[in-house]
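**Q** Coordinates for the following, if possible.
(one chain, ligands or ions: 1)
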Amino acid sequence: MNMLLAVHCGAGDRKPTKKHLKTLGRALEIGYKKLIEGAKALDAVVAAIAVLEDSGIFNAGAGGILQMDGARRLDASLMDGSDLNAGSVIGLEGIRNPIKAARLVMDLPHVMLTNLGAHKIALAHHLEPLETPSGKIMAKLEKIRRTDTETGELYKRYFSTVGAVARDSERNVAAGASTGGVVAMLPGRVGDTPIIGAGVYADTRFGAISCTGTGEHIIRMSLAKEICMNIRNMPPRAAARLSLKNIVSIGGNAGIILLTEDGGAVIMHTTPYMASGYVTKRGCFVWEGMHSDK
Ligand code: GLY
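**A** Model (predicted):
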């Protein structure tokens, strides 16, 4: 069975630029190189997501949006389908690559750490710090604070999350995601991304999935686990379509990338765009959105 890495850069209404797609392609190349070198799916997922966090052009890591009090609190999670080990960080401040911090949590006897402990562990392992938000970003937040626009409308102007799923040479799968959250969020708000079973899920017997979209709806549906379990009983595309339809019916929007146990991949979203792509030995493919599955 072929090794495969798939990446998404957030579902939304905003059309990805050439720069977004080029960066996505770079994340795929760097993650896939790890797989070719014999790395585990988990390591390829971390490598790909770290590229997107570092770029500063997506809503994750260096590009993460601010909470309404001006703090940048980042969320990320990872799951290894070979043993169901998982790690996540919630509201992490001042660290450039929350996905690397989530990886560190996997080596602890815990699954989730909030900023209090995650930050200490990240610093102890010399993870790169993240500078405080610039004046330009604070000005953007000020504009959001002043506007009467509904949060839902504001949300449409931003990408939500980045994520990756991979299958390695041992046929094991892994999933990960990283985000700055959603626009106009209250201080302390947590979305789906660091919640195992909501934003990500991986079990080598079934598949691996990474989600993006309105976190509140994704949490309420346990979207990642629901799709991962439904693919035992129905075709993967049908499982994804059913759950995404249900998300829309409760007022949300979402996108997913899914690898299945039999080697298949599904990319689907309810929004006009979701920059995404995948790479196998046949080549690297990148899109601004999978419009046929809207
Ligand atoms: N999907 C990202 C969030 O809701 O925080």
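
**Q** hey, let's count contacts and neighbours off CA atoms from now on
**A** OK.

**Q** Is Ile90 part of a helix or strand, or is it coil?
**A** The assignment at Ile90 comes out as strand when based on DSSP: H, G, I helix; E, B strand; the rest coil.

**Q** Can you tell me which residues in the stretch 101-250 of the chain are near the ligand?
**A** 160-161, 179, 181-182, 191-193, 212-215 (CA under 6 Å from any ligand atom).

**Q** Number of residues surrounding Pro129?
**A** Burial measure for Pro129: 15 neighbouring residues, criterion other CA atoms under 10 Å.

**Q** Which residue ranges of the protein form strands?
**A** With DSSP state E as the criterion, the chain has strands at 4-12, 74-80, 85-92, 112-114, 161-167, 173-179, 200-203, 207-213, 254-260, 265-269, 273-280, 283-287.

**Q** Mean pLDDT added to those strands, as JSON lines?
**A** JSON lines is the format used below for the strands of the chain (pLDDT from 0 to 100):
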{"stretch": "strand 4-12", "mean pLDDT": "96"}
{"stretch": "strand 74-80", "mean pLDDT": "98"}
{"stretch": "strand 85-92", "mean pLDDT": "98"}
{"stretch": "strand 112-114", "mean pLDDT": "98"}
{"stretch": "strand 161-167", "mean pLDDT": "97"}
{"stretch": "strand 173-179", "mean pLDDT": "98"}
{"stretch": "strand 200-203", "mean pLDDT": "98"}
{"stretch": "strand 207-213", "mean pLDDT": "97"}
{"stretch": "strand 254-260", "mean pLDDT": "96"}
{"stretch": "strand 265-269", "mean pLDDT": "95"}
{"stretch": "strand 273-280", "mean pLDDT": "96"}
{"stretch": "strand 283-287", "mean pLDDT": "95"}
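
**Q** Which one, of the ones you listed, ends up nearest to Ala39?
**A** With CA to CA as the criterion, Ala39 lies closest to strand 161-167 of these, at 10.3 Å.

**Q** quick check: angle from that closest one to strand 4-12?
**A** Interaxial angle of strand 161-167 relative to strand 4-12 (axes from the mean of the first three to the mean of the last three CA atoms, to 10 degrees): 160 degrees.

**Q** follow-up on the earlier one: of the strands of the chain, flag the one that's most buried.
**A** Each of the strands of the chain was scored by mean neighbour count; the highest is strand 173-179, a mean of 36, by mean count of other CA atoms under 10 Å.

**Q** mind saving the C-alpha coords of that strand as CSV?
**A** Extracted C-alpha coordinates of strand 173-179, given in CSV (Å, rounded to 0.1, in the frame of the first residue of the first chain):
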residue,chain,number,x,y,z
VAL,A,173,-1.8,6.3,10.1
ALA,A,174,-1.7,9.5,12.1
ALA,A,175,-3.6,12.7,12.2
GLY,A,176,-2.9,16.2,13.5
ALA,A,177,-4.3,19.8,13.5
SER,A,178,-3.2,23.2,14.7
THR,A,179,-5.2,26.5,15.0
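
**Q** and that strand with strand 207-213, angle?
**A** Interaxial angle of strand 173-179 relative to strand 207-213 (the same axes, to 10 degrees): 10 degrees.

**Q** related to what we said a few turns ago, generate a markdown table for the strands of the chain, with distance to Ile99 as supplementary columns.
**A** Below are the strands of the chain laid out as a markdown table (distance: least, CA to CA, whole Å):
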| stretch | distance to Ile99 |
| --- | --- |
| strand 4-12 | 14 |
| strand 74-80 | 5 |
| strand 85-92 | 8 |
| strand 112-114 | 12 |
| strand 161-167 | 10 |
| strand 173-179 | 6 |
| strand 200-203 | 13 |
| strand 207-213 | 13 |
| strand 254-260 | 17 |
| strand 265-269 | 22 |
| strand 273-280 | 18 |
| strand 283-287 | 22 |
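
**Q** where does the protein have its least confident helix or strand?
**A** Of all helical and strand segments in the chain, the minimum by mean pLDDT, DSSP states H and E falls on helix 151-155, at a mean of 58.

**Q** what's the single longest helix in the protein?
**A** helix 18-36 (DSSP state H).

**Q** Against which helices or strands is that one packed?
**A** When contacts are defined as 3 or more CA pairs under 8 Å, 6 or more residues apart in numbering; DSSP states H and E, helix 18-36 packs onto strand 4-12, helix 41-55, strand 273-280, strand 283-287.

**Q** Show me the contact partners of the last one.
**A** Looking back up the chat, that one is strand 283-287. 21, 24-25, 28-29, 274-279 (CA atoms under 8 Å, 6 or more residues apart in numbering).

**Q** JSON lines for those residues, including distance to Leu141?
**A** Putting the contacts of strand 283-287 into JSON lines (distance: CA to CA, whole Å) gives the following:
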{"residue": "Leu21", "distance to Leu141": "26"}
{"residue": "Leu24", "distance to Leu141": "26"}
{"residue": "Gly25", "distance to Leu141": "30"}
{"residue": "Leu28", "distance to Leu141": "31"}
{"residue": "Glu29", "distance to Leu141": "34"}
{"residue": "Met274", "distance to Leu141": "24"}
{"residue": "Ala275", "distance to Leu141": "24"}
{"residue": "Ser276", "distance to Leu141": "27"}
{"residue": "Gly277", "distance to Leu141": "31"}
{"residue": "Tyr278", "distance to Leu141": "33"}
{"residue": "Val279", "distance to Leu141": "36"}
